[in-house]
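take this sequence and fold it.
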Amino acid sequence: MICGQQWALVITWNKPPKRKNILNKKTLIAIVGAALLLTGACKATVSTNSNTNTNKPAATPTATPASSPASSPAATPATSTDAGAAQDFTLVNATGVEIDKLFVSPHDANEWGEDILGQDTLADGQKVAIKFHPKATAAEWDLRIEDSKGNSIEWKNLNLLTISKVTLHYADGKGTAETE
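Predicted coordinates:
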């Protein structure tokens, strides 16, 4: 496929008389060169995101700010548009520092993928709702946070099928998580 269209280049080579042979070789070289240039030009127009993890499953979670208890009713009924994956959970930052980056990845993945906070941060005392694609199937997930200086803490093997809330703590140089 070239630039989203399917092309076929068929080249047949019949041995012509000697005089035309030189012209046909030049023509063949020109055609092949043009095809390579066209292919190269199409590839140059494809945009890539350097933060995208190509090994990552399509079920990458997203973060949306969770409403604070003071600003919302105690119980809001879920509607069919609110339905998410079984792995959805609320993350509470009780670390004492602002979380600059947040990564959530299946436990068996080799890479973290992209920062799901994007350009946002999560201040101490704030919470965020982590929503998964409805087709997410992994139960065990790892979580990684980083501060603005690049210091990081990781939590492994969180069974998000049984967890609805994760509260992160940091004390005496050690990160802990309280799950509900």
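
contacting residues for residue 168?
Contact partners of residue 168, counting by C-beta atoms under 8 Å, 6 or more residues apart in numbering, are 91-95, 99, 145, 153, 155, 175-177. Any C-beta I mention is one placed from the backbone N, CA and C, and that applies to glycine too.

closest to residue 129 out of these?
Nearest to residue 129 out of the contacts of residue 168 is residue 91 (C-beta to C-beta; 7.9 Å).

the closest one: which element?
Applying DSSP states H and E as the criterion places residue 91 in strand 89-94.

need the contacts of residue 168 in JSON lines (columns: distance to residue 131).
Formatted as JSON lines, those follow (distance: C-beta to C-beta, whole Å):
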{"residue": "91", "distance to residue 131": "11"}
{"residue": "92", "distance to residue 131": "16"}
{"residue": "93", "distance to residue 131": "17"}
{"residue": "94", "distance to residue 131": "21"}
{"residue": "95", "distance to residue 131": "22"}
{"residue": "99", "distance to residue 131": "17"}
{"residue": "145", "distance to residue 131": "18"}
{"residue": "153", "distance to residue 131": "22"}
{"residue": "155", "distance to residue 131": "19"}
{"residue": "175", "distance to residue 131": "23"}
{"residue": "176", "distance to residue 131": "24"}
{"residue": "177", "distance to residue 131": "19"}
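
helices of the protein, residue ranges please.
For the chain, applying DSSP state H gives helices covering 18-44.

point out where it drops to low pLDDT.
1-60, 64-84 (pLDDT under 70).

the strand holding residue 91: partners in the sheet, and parallel or antiparallel?
If you go by DSSP bridges, strand 89-94 pairs up with strand 127-131 (antiparallel), strand 165-171 (parallel).

show me the contacts for residue 87.
The contact partners of residue 87, taken as C-beta under 8 Å, 6+ apart, are 61, 132, 136, 138-139, 141, 160-161.

to clarify, my last question referred to residue 90.
66, 127-130, 164-166.

who does it bridge with?
Counting by DSSP bridges, residue 90 is bridged to residue 129, residue 165.

ok so, going back, of the contacts of residue 90, keep whichever come out buried.
Buried members of those, scored by 16 or more other C-beta atoms under 10 Å, are 66, 127-130, 166.

let's see which of the contacts of residue 87 end up in strands.
Cross-referencing the contacts of residue 87 against strands under DSSP state E gives residue 141.

could the contacts of residue 87 go into CSV alongside neighbour count?
Shown next, in CSV, are those (neighbours: other C-beta atoms under 10 Å):
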residue, neighbour count
61, 24
132, 21
136, 22
138, 18
139, 15
141, 25
160, 24
161, 14
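
great, nothing more from me.
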